[in-house]
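K.L.:
fold the following for me, if possible:
(2 chains)
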Amino acid sequence: MSLTQQSPTSKVLTWADERFGAAKGLRVAMNKVFPDHWSFMLGEIALYSFIIILLSGTYLTLFFVPSMTEIVYNGSYVPLKGVKMTEAYASSLDISFDVRGGLLMRQIHHWAALFFVGAMSVHMLRVFFTGAFRKPRELNWVIGTVLLTLGIVEGFAGYSLPDDLLSGTGLRITQGIILATPVIGTWASSLLFGGEFPGTDFIPRLFTIHVLLVPGIILALVTVHMLLVVFHKHTQFPGPGRTNKNVVGYPLLPVYVAKAGGFFFIVFGITTLLAALVTINPIWMFGPYVPNAVSAGSQPDWYMGFLDGAVRLMPGIEVQIFGGTLGLNMLVPAMVIPGIMFTLLGLYPWIEAWASGDRSIHNLLDRPRNAPTRTALGVMALTFYVILWASGGNDLIATTFGLSINSITWTLRFGLFILPAIAFWVTKRICLSLQRRDREKLLHGRESGRIMRLPHGEFIEIHEPISDKEKAKLLSKVDITPLALPAAEDANGVALPQARKRRIQAKVSQWFYADNVPRPTAAELEEAEAHFAHLESGHHDRELESH
Amino acid sequence: MRFTAALRRNRLAAPLVMVAALVATGAAYAAIDSSTSAVQAAVTTETSVTQGKMLFAEGCSSCHGLNAEGTTDGPSLIGVGAAAVDFQVSSGRMPMATQGIQAPRKESIYSEEEIAALAAWVASLAPGPAIPTDEDINTAGANLAEGGEAFRVNCAQCHNFAGQGGALTGGKYAPNLNKATARQIYEAMLTGPQNMPIFSDETLPKEQKRAIIAYIEEMRNGANPGGLDLGKYGPVTEGLFAWTAGFLLLIVAAVWIGVKAK
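P.N.:
As a prediction, this is how the structure comes out:
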């Protein structure tokens, strides 16, 4: 033990270091650099919402009774006094009216759930449109896709638990989807519900799934997701001094720990504020679930809305096959469509890598315009999603705008196929135009807005060179050369076995990258530099602005 | 003696006497007036039928026919009863501004007296459901819980869990019940206007109708323990709110945090 005086802080630190080797960890955290951009905070909103959900959910489990045993309500909400209901619903009412802080906690829990799935979705859009899913981060993208799916399942399980009229209606639809599964449908339904719907088994089972199974998996995956971010290091937007091999930003400790800690409280504060002011899921108005009652406008929470919309859009087609009924009216919208959507989402990193033939590591983000086909595909998928989403609210659109629900449904049915295609084309055009503008800026400078009259009477606009910062940003563009069509035969005239497959790959590659506007070459840039140098020396003549 | 003298000289004595006198006069007048009104009511029934016939000829006959026998533009009103007339006209649905899929609720253009006259004339053509009495729509002491159960089983599938209305096929809709008076709700159940089925007293006893009305009024006027109700439409408006107000706040905060370090 040294005799030198130690401050209390350093005593604590020494204590921790001698027992856990904390100094090494601290060193790592202080050396770890995190880049700055507001859109890198979107994932944090999801993480913090999840923590808020865990905290408020724990409080709710102290009072919720996951049981479908029927009792007579005798709590303090008068319009339901004396009504028969399950213990699950009665205890949810008790949480809302008789437990101190219960309603606020319920509302925090539910708003945070909407934000959780919302923030995950927006975060995912950011990752997609900036190309952050590329090598080496493909697996983290897949984990993200699984997390989003689990978040949706978890939310659905959560709002189905109170056994109110709305959640019961949702469960009835879910049972319909299960029944529509070919071959095993009836058995699966019987197994899950312990016999006929609704039975008495489902809510206790759903409770275990909601409070233990799914949150456990989410927690584990979130941990892996974040460890991989640390391992891969965070991506960054292109800018001066930023390369594929460095990270420009601030150290994790103390800057980002402070920022992130503060941001957690901001998210918690906003959620609590909304929960205190705005009603969400007023289960007392819905009444208890009874199979013979239903409310007009029964919709799921927003993240299930696209599925509800798909079911609403699908024509009622049933096929008699092998002596059984194949309920395409449920099977297609509730299983096939989301199955395809989430599979494509998860596989996208490999689809793009296959089309580009690009196997290099990417730590610098793409500007969305520099990947026009990807951006256009993203907007296309988003349009498809939003149309399904909108049709989930077709009845409210009808009553709000005084339209016929039938014509809305038919418009959206056609729109589902036409609008995404239009969205793809428009987005791609916009991206390519922006690329041309960037090229123009690099070669001819930006339009200054100053008009000059030349001695012989002609008017010209002065172009000025762009700043170095902007130049670095524009020059970050990476051009991908589409794969060339392979030869069908080798030098000896023997047909190549891989030719057909390669041909398809090359065609897709052409479709992805052929109309790219190339980044100016070094020679072109040099010429532009010389041009501006010439300008600055005062030679404003006619030739200069003829570009 | 001293006690009454003290009272007389009190500062409040004069105003108190004045108030007592006014109350006495008012009460006496009301008593005399109500005794004559019964006689008057009998007289007005006679005159209102003729007045109703005139009003009908002016405002309704172009579609329903001069004798309410119906035309290609409107159904026959023989036997619909006073309740149907009172519902349609007092809620402004009739007369329609234009022919359309459904008559919307609007300000009524007739006075209460005129509506009564129209109803009396239509009722005189053939028997039909009468206008519910004050007793019928008296919700005092009604069982809210029972009303809620009856509402969810019979009404919510079109009018939504809180009476906010909903879409029907082809542009038709179940209206929201925010402005419907107790009498109008009762009449609607009794006569089944437009797309609504009839809930006669046999299928839905008077007691339950009263309870339903009480429940609708509770949904409309009851406290909102959770704060702002977002229109009582369920998850659609909640989702809209989360994606607008909620995410606006969160993203503004994210931008603020992201920018601060520079």
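
K.L.:
drop to CA atoms for contacts and neighbour counts, all remaining ones
P.N.:
Fine.

K.L.:
interface residues of the stretch 251-400 of chain A facing chain B?
P.N.:
A:259, A:263, A:266-267, A:270-271, A:274, A:276-282, A:285-287, A:292-302, A:393, A:395-396, A:398-399 (CA under 8 Å from any CA of the partner chain).

K.L.:
residue contacts, the residue in chain B positioned nearest to chain A?
P.N.:
Minimum separation of chain B from chain A (CA to the nearest CA) falls at residue B:171, amounting to 3.5 Å. Residue B:171 makes contact with A:398, A:402, A:403, A:404, A:405, A:406, B:101 under the criterion CA atoms under 8 Å, 6 or more residues apart in numbering or on different chains.

K.L.:
one more pass at 10 Å, please.
P.N.:
Applying CA atoms under 10 Å, 6 or more residues apart in numbering or on different chains, we find residue B:171 in contact with A:395, A:398-399, A:402-408, B:100-102.

K.L.:
now residue A:399
P.N.:
A:405, B:165, B:166, B:167, B:168, B:171, B:172, B:173, B:174, B:175, B:176.

K.L.:
next one: residue A:48
P.N.:
A:54, A:112, A:115-116, A:119, A:260-261, A:263-268.

K.L.:
can you give me phi and psi for the residue of the stretch 401-547 of chain A found nearest chain B?
P.N.:
Residue of the stretch 401-547 of chain A nearest chain B, by CA to the nearest CA: residue A:404 (3.5 Å). Main-chain torsions, residue A:404, degrees, to the nearest 10: phi -90, psi 130.

K.L.:
how much space between the residue nearest to it when sequence neighbours are not counted and residue A:456?
P.N.:
The shortest distance from residue A:404 to any non-neighbouring residue, by CA to CA, 6 or more residues apart in numbering or on different chains, is to residue B:171 (3.5 Å). The spacing between residue B:171 and residue A:456, counted by CA to CA, to the nearest Å, is 68 Å.

K.L.:
now swap in residue A:366 and tell me
P.N.:
46 Å.

K.L.:
who's more crowded, those two?
P.N.:
Each of residue A:366 and residue A:456 has its neighbours counted (other CA atoms under 10 Å in any protein chain shown); residue A:366 has more, 21 against 7.

K.L.:
can you tell me how far the more buried one sits from residue A:475?
P.N.:
Separation of residue A:366 from residue A:475 (CA to CA): 11 Å.

K.L.:
which neighbours do these two have in common?
P.N.:
residue A:238.

K.L.:
and the helices in chain B?
P.N.:
Counting by DSSP state H, chain B has these helices, from start to end: B:2-9, B:13-59, B:61-64, B:81-90, B:112-125, B:144-154, B:156-159, B:182-191, B:206-221, B:235-241, B:247-260.

K.L.:
ok, and which of those has the densest surroundings?
P.N.:
Here the criterion is mean neighbour count by mean count of other CA atoms under 10 Å in any protein chain shown, and of the helices of chain B the winner is helix B:81-90, at a mean of 25.

K.L.:
how far does that one sit from its chain's centre?
P.N.:
Distance, stretch centre to chain centre, for helix B:81-90: 12 Å (CA atoms, centre = their mean, to the nearest Å).

K.L.:
so which elements touch that helix?
P.N.:
Applying 3 or more CA pairs under 10 Å, 6 or more residues apart in numbering or on different chains; DSSP states H and E, one finds that helix B:81-90 makes contact with helix B:112-125, helix B:182-191.

K.L.:
average pLDDT across the longest one?
P.N.:
On average, the pLDDT along helix B:112-125 is 93.

K.L.:
again with the shortest one
P.N.:
Mean per-residue pLDDT for helix B:182-191: 95.

K.L.:
save the helices of chain B as JSON lines, and put in distance to residue A:191 too.
P.N.:
Conversion of the helices of chain B to JSON lines gives the following (distance: least, CA to CA, whole Å):
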{"stretch": "helix B:2-9", "distance to residue A:191": "86"}
{"stretch": "helix B:13-59", "distance to residue A:191": "64"}
{"stretch": "helix B:61-64", "distance to residue A:191": "59"}
{"stretch": "helix B:81-90", "distance to residue A:191": "51"}
{"stretch": "helix B:112-125", "distance to residue A:191": "60"}
{"stretch": "helix B:144-154", "distance to residue A:191": "29"}
{"stretch": "helix B:156-159", "distance to residue A:191": "30"}
{"stretch": "helix B:182-191", "distance to residue A:191": "43"}
{"stretch": "helix B:206-221", "distance to residue A:191": "39"}
{"stretch": "helix B:235-241", "distance to residue A:191": "30"}
{"stretch": "helix B:247-260", "distance to residue A:191": "40"}
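
K.L.:
figure out the helix or strand that residue A:89 lives in.
P.N.:
Using DSSP states H and E, residue A:89 maps to helix A:87-97.

K.L.:
and the gap between residue B:20 and residue B:94?
P.N.:
According to CA to CA, residue B:20 stands 47 Å off from residue B:94.

K.L.:
could you list the low-pLDDT ranges of chain B?
P.N.:
B:1-3, B:33-46, B:260-262 (pLDDT under 70).

K.L.:
in it, which residue is most central in space?
P.N.:
The residue lying closest to the centre of chain B (CA atoms, centre = their mean) is residue B:181, at 1.3 Å.

K.L.:
list the contacts for the residue nearest in space to the middle of chain A?
P.N.:
Taking CA atoms, centre = their mean, the centroid of chain A lies closest to residue A:121, which sits 2.0 Å from it. By CA under 10 Å, 6+ apart, residue A:121 lies in contact with A:42, A:43, A:46, A:115, A:127, A:144, A:145, A:148, A:303.

K.L.:
what about the second one, helix or strand, and which?
P.N.:
Using DSSP H and E, residue A:43 sits within helix A:42-61.
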